[in-house]
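**Q** Sequence first, predicted model second:
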Amino acid sequence: MLFVMTASPLAAVACGFSIDDGAHIIQWHLLGMFAPSFFSGKLVARFGVLRVLSLGIALMAACVAIATSSTSLPAFHVALLALGIGWNILIVCGTTLLSRSYRPNERGKTQALSGLLGNLAATFSTLSAGAALEGMGWSAVTMRSCPCSSCASRSSSAGRRQAPQTSEKALPDRLVVMIAYAGVNLIDIAGPLQAFESANCRLADEALAPTYRLVTASERGGPVRTAPGVVIETVSLDDLAAADIDTLIVPGGLPASGIFDLDLLIAWLRDNAARVRRLCSVCTGAFLLGDAGLLDDKRATTHWSRCTELHERHPAIRLEPDRIFVNDGRLWTSGGVTAGIDLALALIEEDIGHRVAIDTARQLVVFVKRPGGQNQFSAPLAMQRGQSGRFSALNAWMAENLQADLRVERLAEKAGQSPRNFARLYTADVGRTPASAVEAMRLEAACRALEETSLPAKAIAGRVGFGTEQNLRRVMQRQFGIGPSDYRARFGRHM
C-alpha cells in the first residue's frame with residue numbers, strides 16, 4: 001500500500017497529467033481500492049470467489065455506465081470510486097485463486113507480490129480511465145459542479161490538458177484597420193471602434209487577452225479633421241504595407257457632390273483588398289468600395305438616402321436598401337451612421353461568440369440585432385414628384401381624401417381617363433402603381449399620427465383609410481419590419 005501511494009503521483013505524471021491532477025485522481029482511486037480491504041477477504045470466504053468476482057465485474061461495468069450516462073453530478077469521482085472497489089475485489093479474488101496453487105509456506109509471498117503488482121496495475125488503469133473520462137468532457141462539465149476544494153483547484157490548474165469550453169477561449173490576434181479622411185463621419189469611426197474596444201474589455205474581465213488591435217489610417221497619416229471638426233490621429237497607409245490586416249473598415253462621409261476626391265485611397269483599396277480577410281464599409285463608405293470595383297455583382301447596402309445614387313453610379317451592385325447590414329462572403333456593408341455599431345456587433349459575434357456580443361451590446365446600450373430595417377428611419381413616403389407633374393393635383397387630392405374610395409377606377413374617373421390608360425401613364429410618370437402610391441400615402445399619414453398623437457392604432461387605421469388595425473400592422477411589418485407599437489415607441493413624441 002505504501003509503495004502504491006508513493007508511486008501514484010509518478011504514475012500520474014507518466015500518463016500526462018499534472019501533479020495536482022494526478023493527486024486528485026489517485027485520492028479517489030485509493031479510497032475505492034483500499035477502503036474495502038478489511039472485508040473483501042471475508043466476502044470471498046463467505047460467498048465464494050466466483051460470486052465476488054462477478055460483483056467486481058459488475059462494479060467495473062457500473063463505472064463505464066456512470067461515465068457515459070450522467071453529467072449532472074460529480075460522476076467522475078463516483079466512477080473512480082467504483083473502479084477502485086472493482087479492482088480491489090478482482091485483486092483479492094485473483095490472489096486467492098493464485099495462492100491455492102502454491103504450498104502454504106509460499107502463499108504469503110505470493111499474496112504480497114500479486115497484491116503489489118495488482119494495485120500498481122490498478123493505479124495505471126485508473127489513470128487511463130481518468131484520461132478517457134477527461135476526454136469525454138468531465139473536466140469541463142462535471143468538475144465545475146463539484147463543490148470540493150480539490151475540484152476547484154483542479155479546474156483552474158495551469159497544467160490541465162483540456163479543449164476550450166467555447167470558441168471564445170482560443171482567440172487569435174486580429175488587426176482592425178479603420179480608414180479616415182477629411183470630412184469623414186465621426187460616429188462611423190467611433191461607433192465600431194468602441195464596440196471592438198468594449199469586446200476587448202469584456203475579454204479582460206475573463207482574464208483573457210484582447211483579440212482586437214485597433215488602428216486608424218489615412219492616405220498620408222497624421223491628423224485628420226472629421227465632419228464635426230474633431231481631429232483624430234492616423235497612421236499612413238504606407239505603414240500598413242507589411243501588416244496582416246484581419247478587418248478593414250471604410251466609414252462614410254459622402255460630400256454633397258458625390259465626389260470623394262480620394263484617388264490614392266481608392267487605388268490602395270483596389271490593390272490591397274485581396275490580402276484582407278474581411279472588407280467592410282459603414283454608411284456611404286460603400287461608395288469608396290464601389291469606386292474601387294470591389295462591390296460589383298455583390299450584395300450590399302448603404303445609407304437609405306443614398307441608395308438610388310449608389311445604384312446609378314454602380315449598377316452592378318445588388319443593392320438591398322432596407323438592410324441594416326449585408327454580408328456577402330468576406331464583404332460586409334452597413335446602412336446609415338449608427339448601423340456601423342450593428343455591423344461591429346455582428347463581426348464580434350462571428351469572431352468570439354454570441355455571449356460576448358450580447359455583453360458588448362449591453363455595455364453600449366444598443367440592440368445586439370436591431371429589429372426592422374432602414375426604412376423605419378427614412379421618411380415613410382418618398383413620393384416622386386413625377387417627370388411632368390401631370391398628376392400633382394391628383395396626388396394632392398389623394399393625400400387629402402385617404403378615407404375615400406381610392407381604387408384605380410375611381411382615380412381614373414377623377415383624372416378623366418380609362419382605368420387601363422390611367423394606370424399605365426401614372427406608373428410611368430410617378431414611378432409606382434396607383435395602388436402602391438395610395439398605400440404609401442396612407443402609411444405616411446399613419447406614421448405621422450403615431451409620431452405626433454396618442455390615438456390608438458385602431459383609430460389611426462380607420463382615419464387614414466386602412467380600415468382595420470390588422471391591415472395597418474401588416475403594411476408596417478412589410479415595409480419596416482416592425483408594428484405600430486414599436487414604431488411609436490421609437491419615434492413617438494407622446495411616450
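**A** Received, thanks.

**Q** Next, count neighbours for the spatially closest residue to R410 that is not a sequence neighbour.
**A** Distances taken as Cβ to Cβ, 6 or more residues apart in numbering place A404 nearest to R410, at 7.6 Å, with adjacent residues excluded. For every residue, glycine as well, the C-beta is placed using N, CA and C. Neighbour count for A404, taken as other Cβ atoms under 10 Å: 12.

**Q** and A404, backbone torsions?
**A** phi -80, psi 170 (degrees, to the nearest 10).

**Q** pretty sure it contacts R442?
**A** No - A404 is not in contact with R442 according to Cβ atoms under 8 Å; the separation is 11.1 Å.

**Q** shared neighbours, those two?
**A** Counting by Cβ atoms under 8 Å, 6 or more residues apart in numbering, the residues touching both A404 and R442 are G465.

**Q** What is the strand or helix carrying M398 packed up against?
**A** Assignment of secondary structure by DSSP states H and E places M398 within helix 392-400. Contact analysis of helix 392-400 by 3 or more Cβ pairs under 8 Å, 6 or more residues apart in numbering; DSSP states H and E lists helix 408-415, helix 434-452 as its packing neighbours.

**Q** from the ones you listed, which stretch is densest packed?
**A** Counting by mean count of other Cβ atoms under 10 Å, helix 434-452 has the highest mean neighbour count of these, with a mean of 19.

**Q** before we move on, the earlier item: distance of the residue nearest to R410 from L310?
**A** Distance, A404 to L310, by Cβ to Cβ, to the nearest Å: 38 Å.

**Q** Quick check, pLDDT for the residue nearest to R410.
**A** Looking at A404, its pLDDT reads 93.

**Q** D21 now?
**A** According to the model, D21 scores 49 on pLDDT.

**Q** Same question for the one 5 residues further on.
**A** We have a pLDDT of 52 for I26.

**Q** What of F491?
**A** We have a pLDDT of 75 for F491.

**Q** Pull the helix or strand encompassing L343 out as PDB, backbone CA atoms only.
**A** In the assignment (DSSP H and E), L343 maps to helix 339-351. As requested, C-alpha coordinates have been extracted for helix 339-351 and formatted as PDB (Å, rounded to 0.1, in the frame of the first residue of the first chain):
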ATOM      1  CA  ALA A 339     -25.700  50.900 -38.300                       C
ATOM      2  CA  GLY A 340     -21.900  50.700 -38.100                       C
ATOM      3  CA  ILE A 341     -22.300  49.600 -34.500                       C
ATOM      4  CA  ASP A 342     -24.700  46.900 -35.600                       C
ATOM      5  CA  LEU A 343     -22.100  45.800 -38.100                       C
ATOM      6  CA  ALA A 344     -19.300  45.700 -35.500                       C
ATOM      7  CA  LEU A 345     -21.500  43.600 -33.100                       C
ATOM      8  CA  ALA A 346     -22.100  41.100 -35.900                       C
ATOM      9  CA  LEU A 347     -18.400  40.900 -36.600                       C
ATOM     10  CA  ILE A 348     -17.700  40.400 -32.800                       C
ATOM     11  CA  GLU A 349     -20.300  37.600 -32.700                       C
ATOM     12  CA  GLU A 350     -18.700  35.900 -35.700                       C
ATOM     13  CA  ASP A 351     -15.200  36.200 -34.200                       C
END
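
**Q** tell me which residues of that helix are tucked away?
**A** Taking 16 or more other Cβ atoms under 10 Å as the neighbour-count basis, helix 339-351 is seen to contain the buried residues 339-349, 351.

**Q** which among those residues gets closest to N272?
**A** Ranked by distance to N272 (Cβ to Cβ), the buried residues of helix 339-351 are led by L347 at 19.0 Å.

**Q** you'd agree A316 is up against R299?
**A** No - shown here, A316 and R299 do not form a contact pair, counting by Cβ under 8 Å, at 11.6 Å.

**Q** quick one, which of those two is more surrounded?
**A** Using other Cβ under 10 Å, the more surrounded residue of A316 and R299 is R299, with 16 against 11.

**Q** ok, that one touching R318?
**A** Yes - here R299 reaches R318: they are 4.8 Å apart, a contact under Cβ under 8 Å.

**Q** Next, show the common contact partners of the two.
**A** Common neighbours of R299 and R318, using Cβ under 8 Å, 6+ apart, do not exist here.

**Q** what about this protein, any weak spots by pLDDT?
**A** Within the chain, the stretches with pLDDT under 70 are 1-53, 59-60, 63-170, 254-260, 368-389, 493-495.

**Q** Walk me through the domains of it.
**A** If you go by automatic domain parsing, the domain ranges for the chain are 2-155, 172-376, 392-491.

**Q** just to revisit the earlier point, would you format the helices and strands packed on helix 392-400 as CSV with distance to V326 included?
**A** As requested, the helices and strands packed on helix 392-400 are arranged in CSV below (distance: least, Cβ to Cβ, whole Å):
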stretch, distance to V326
helix 408-415, 35
helix 434-452, 24
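
**Q** what about the strands in the stretch 101-250 of the chain?
**A** Secondary structure of the stretch 101-250 of the chain by DSSP state E, counting those that start in this stretch: the strands cover 174-179, 212-218, 222-225, 231-236, 247-250.

**Q** Note down every partner strand of the fourth one and its orientation.
**A** Put plainly, it is strand 231-236. Sheet neighbours of strand 231-236, with direction, are listed as strand 212-218 (parallel), strand 222-225 (antiparallel) (DSSP bridges).

**Q** which other residues reach that strand?
**A** By Cβ under 8 Å, 6+ apart, the list of residues contacting strand 231-236 from outside reads 180, 186, 189, 215-226.
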